[in-house]
Each structure stands twice: as structure tokens, then as C-alpha cells.
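[1] Sequence below, structure please.
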Amino acid sequence: MHRLITIGSWALIILLFLQPGVAHKGALEGMRIFTTALLPYLLPYLVITQLFIRSKNSFLNTTNKYKMYFNIYLLSAIGGFPSGAAVITSLKDIGTLNKNNASWLLAICHAPSPMFVIGFVGIEIFHAEIAGIKLLIIIHAVNLVFLLVFIVLSPPIHQSTHIQKPSESPFQESIKETYQILLLIGTTVIFFTTVSFIVFESVKEILPNISPTLLVFVASLFEMTGGISLAGEMLSGSALLPLVVAFIIAFSGISIHMQIIVLAQKANISIRKYILFRFLHMLIIPVLFFFL
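    Below is the predicted model of the structure:
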């Protein structure tokens with residue numbers, strides 16, 4: 001693994017030197033995506049949810065496993081990824097969730113925000129709001145089936161023995177946690193968008209006759225939003241567009257995965273279930289969206 005990382009790092013360094021203009025363009029696009037599409041929505045939501053978690057209200061402070069897990073899923077579904085992962089890791093840190101339950105919820109509570117799927121994907125890519133709503137319903141229906149199975153099979157919730165020091169300033173702690181999460185998100189989005197641009201242009205130069213569909217997958221491998229935008233441009237009017245976009249969202253992109261993995265490792269949560277469920281999403285969601 002270390003050898004692969006070393007080889008990959010040197011390859012990216014060489015490509016950066018060979019294509020500085022493309023790297024600059026990619027970095028600017030990553031900054032644009034973060035500052036105009038992600039930051040305005042994520043910042044207030046993250047502050048509010050972090051403050052909400054620290055308020056110790058009955059919404060999450062309960063031994064009713066159905067109520068607790070469905071409420072956690074609701075918070076995750078409203079914010080989308082990686083906000084859901086931030087909620088789960090924060091609940092693990094304060095003792096509301098244990099390592100095993102946090103690992104399962106991290107894998108299950110993974111979905112894009114409703115605004116992104118309905119507004120961007122539905123209206124701008126499919127040119128049909130109902131298509132975005134349909135995709136969102138399928139994603140959450142699959143997740144809720146998994147969640148219900150998990151809740152039924154999980155043991156009862158016992159009152160946590162984790163004693164947390166009372167917070168003197170919940171708002172200040174919420175702000176501190178939020179800027180750390182946003183710094184992680186911004187860094188990964190800009191970095192992987194830059195990498196996506198470099199790899200995309202390199203592949204086009206090496207393989208000028210490569211199919212548009214493969215080019216879309218190359219772009220979306222690293223950053224989901226850019227890949228979906230490219231799919232809308234290159235596959236407009238194609239019958240494959242719904243299948244490709246659903247697959248890209250199910251995969252989510254390495255940028256999203258790294259954000260969630262870093263958050264999980266910070267809270268000492270296993271990511272094995274998360275990786276397994278991403279493969280399940282890639283198998284199930286595109287097929288259901290294409291044929292239903």
C-alpha cells in the first residue's frame with residue numbers, strides 16, 4: 001500500500017509539472033465548487049446540528065432504538081454527505097453511540113442532500129425535477145431497508161456510561177467543530193478536483209479516441225459533482241445518462257470517501273462496513289433507477 005501511494009504521488013507530481021495550467025484550472029474549479037455550492041449550505045447546517053447534538057435533548061437522548069436511529073438517519077438525510085458522517089462521529093465522541101453502532105450507521109446513513117439531487121441533478125442534468133425526486137426516493141428507500149434490518153437485529157440501547165464534562169459554551173464548541181469539518185471538506189474537494197482535471201486531460205491526450213462514457217467515469221472517479229456535470233454535457237440525450245448519473249452518485253467519488261474516512265478515523269470508527277455498503281449501493285441504486 002505504501003509503495004502504491006509513493007508511486008501515485010510521484011505520478012501526480014510529474015503531471016503537475018507537465019500541466020501547471022490544467023492544475024491551476026482544476027484548483028480554481030474546486031474552490032468554486034466549495035465556496036459557491038457547498039459552503040453556503042453546509043456552514044449553517046453543521047453549526048446548527050453540532051449545537052443540536054450538544055443540547056442533550058430527547059430527540060437523541062433516548063433508549064428507544066427505533067426513535068434514536070431513525071432520528072439520526074433524519075439528520076443525516078437532511079444534510080447529505082458528509083454532514084451525516086459528521087453527525088455520527090460527533091455522537092460517537094460524546095458517547096451517544098458506541099463503535100459498533102456508529103460503524104453501521106456510517107455505512108447506512110449515506111445519501112446526497114435533497115437540494116443537490118432535486119435541484120442540481122434533477123433540474124440541471126435531467127431537466128426534469130421529478131427524475132431527481134425519483135432518484136432521491138430510491139436512495140433513501142434502499143437505505144431505510146438496511147436501517148430497519150439493522151435496528152431489528154441490534155441489541156437494546158442502554159444508558160451510556162460515558163460521562164461527558166458539561167459544556168460551558170455549546171455554541172463555541174459547535175463553531176470549533178464546524179470549521180474543522182469545513183477545512184477537511186474544502187481541502188479534499190479542491191485537491192481531488194485538481195487531480196480529476198489533470199487525469200482527465202492526460203487520458204484525453206493519451207487516448208484521443210476514448211469513449212465519452214469512459215471519460216465521464218474518469219472524471220467522476222475523484223470528484224462527484226464535476227463528473228455529473230460532465231455527464232450532463234457529454235451524454236445529453238443519451239439513454240445511458242440516467243444510469244451513469246445514478247452510478248456516479250452511488251459511488252460518490254474518492255473526495256467524499258476521503259472526507260468520511262478521515263472523520264471516521266478521527267472518532268476511531270471502523271470503515272469496513274462503509275466500504276461494503278458503497279459496493280452494494282453501486283449494484284442496487286443504478287439498476288432500480290434505470291428500470292423503475
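[2] From here on, just use CA atoms for contacts and neighbour counts.
    Will do.
[3] what ranges do the helices span in this structure?
    Using DSSP state H, the helices of the chain run over 2-18, 20-32, 39-54, 65-79, 83-93, 99-108, 114, 129-153, 170-206, 212-222, 224-234, 241-251, 254-266, 272-291.
[4] In stretch 133-149, which of the residues would be classed as buried?
    Ile133, Leu135, Leu136, Ile138, Ile139, His140, Val142, Asn143, Leu144, Phe146, Leu147 (16 or more other CA atoms under 10 Å).
[5] meant to ask about stretch 19-39, not that
    Val22, Ala23, Gly26, Ala27, Glu29, Gly30, Met31, Ile33, Phe34, Leu38, Leu39.
[6] And these, which two are furthest apart?
    Farthest-apart pair in the buried residues of stretch 19-39 is Val22 and Leu39; separation 24.0 Å (CA to CA).
[7] shaky segments in the stretch 51-200 of the chain?
    56-59, 158-168 (pLDDT under 70).
[8] Residue nearest the middle of the protein, spatially speaking?
    Most central in the chain under CA atoms, centre = their mean is Phe81, positioned 3.5 Å from the mean C-alpha point.
[9] And for that residue, nearest residue in space, chain neighbours not counted?
    For Phe81, ignoring the flanking residues on the chain, the nearest one in space by CA to CA, 6 or more residues apart in numbering is Pro112 at 5.4 Å.
[10] Now do the contacts for the one you found.
    Ala77, Gly79, Gly80, Phe81, Ile249 (CA atoms under 8 Å, 6 or more residues apart in numbering).
[11] what about Leu243, how many neighbours?
    16 (other CA atoms under 10 Å).
[12] For Glu177, list the residues it contacts.
    So Glu177 contacts Gln50 (CA under 8 Å, 6+ apart).
[13] 7 Å - rerun?
    Residues counted as contacts of Glu177 (CA atoms under 7 Å, 6 or more residues apart in numbering): none.
[14] And for stretch 260-267, what's in contact with it?
    Outside stretch 260-267, the residues that touch it by CA under 7 Å, 6+ apart are Pro82, Ala85, Ala86, Thr89, Lys92, Asp93, Ser270, Ile271.
[15] For it, buried residues please.
    So, applying 16+ other CA under 10 Å, buried residues of stretch 260-267: Ile260, Ile261, Val262, Leu263, Ala264, Ala267.
[16] Perfect, that will be all.
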